[in-house]
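K.L.:
Predicted model and sequence follow; I will ask about them next.
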Amino acid sequence: MTDRAGLEAFWQRWLDTNREAEAANDWTKLVEFYADDAHYGWNVGPDDNFMAVGKDEIREIAVGLEMQGLAGWTYPYQITLIDDKNDMIIGFWKQVADARREDGSNYEIAGFGFSWFKYGDGKWLWQRDMFDHGNAGALFLEMMTAGVLSEGMTNRIEAAMSGRRAPGHYRAKDLPVPMWPTP
């Protein structure tokens, strides 16, 4: 068990680095926060899960390939829940595009997004993200129709529609580590 002050300080460094990553459109600087054997995943649909295992895959796939087409997007954290008895943090965030509608409002994915982290030995041991894929798809379609969806995201959507499984995407039975982390 980590002392709460240490966990809060680590979280603040994470938030600060997240804002720097958003400003630079370079999410790879977040990799320093993960243990060498950390795993980072999320569910995409009934039989599609994403999982990156180890810092190299987190760098190359999770915050590399999976962030392509999202330059200019921000993920402002709204609320944080800290469980210092189990060394876990849940941070709730929004997904906000830099593109604007005709009324001046930003395109923003409706619904909730959050990340669930396990902390240990000064690093994230694992991370799981949850977000509303239905609302994300609807927003991407709206942006595509308005002609403001990035070329990178358009290419990713077209590749996904081809049926090819992108790097890091697995059927549930083939996941390299369980989606539900072990305690």
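P.N.:
Now that the structure is in, tell me what you want to look at.

K.L.:
show me where the chain has helices.
P.N.:
Remark: helices assigned in the chain by DSSP state H are 4-24, 55-57, 133-146, 151-161.

K.L.:
residues contacting Lys55?
P.N.:
Neighbour list for Lys55: 31, 34-36, 38 [criterion: Cβ atoms under 8 Å, 6 or more residues apart in numbering]. To be clear about C-beta, it is placed using only N, CA and C from the backbone, and glycine gets the same treatment.

K.L.:
mind checking how far it is from Met88?
P.N.:
Per Cβ to Cβ, to the nearest Å, Lys55 is found 20 Å from Met88.

K.L.:
Equivalent analysis for Lys173, please.
P.N.:
Separation of Lys173 from Met88 (Cβ to Cβ): 27 Å.

K.L.:
The lowest-mean-pLDDT helix or strand in the chain: how far from the chain's middle?
P.N.:
In the chain, no helix or strand scores lower on mean pLDDT, DSSP states H and E than helix 151-161, which sits at a mean of 89. A distance of 18 Å separates the centroid of the chain from that of helix 151-161, by Cα atoms, centre = their mean, to the nearest Å.

K.L.:
And it, what's buried?
P.N.:
Residues of helix 151-161 classed as buried: 153, 156-157 (neighbour count, 16 or more other Cβ atoms under 10 Å).

K.L.:
which other residues reach that helix?
P.N.:
Residues beyond helix 151-161 that count as contacts (Cβ under 8 Å, 6+ apart) turn out to be 68-71, 140, 144, 166.
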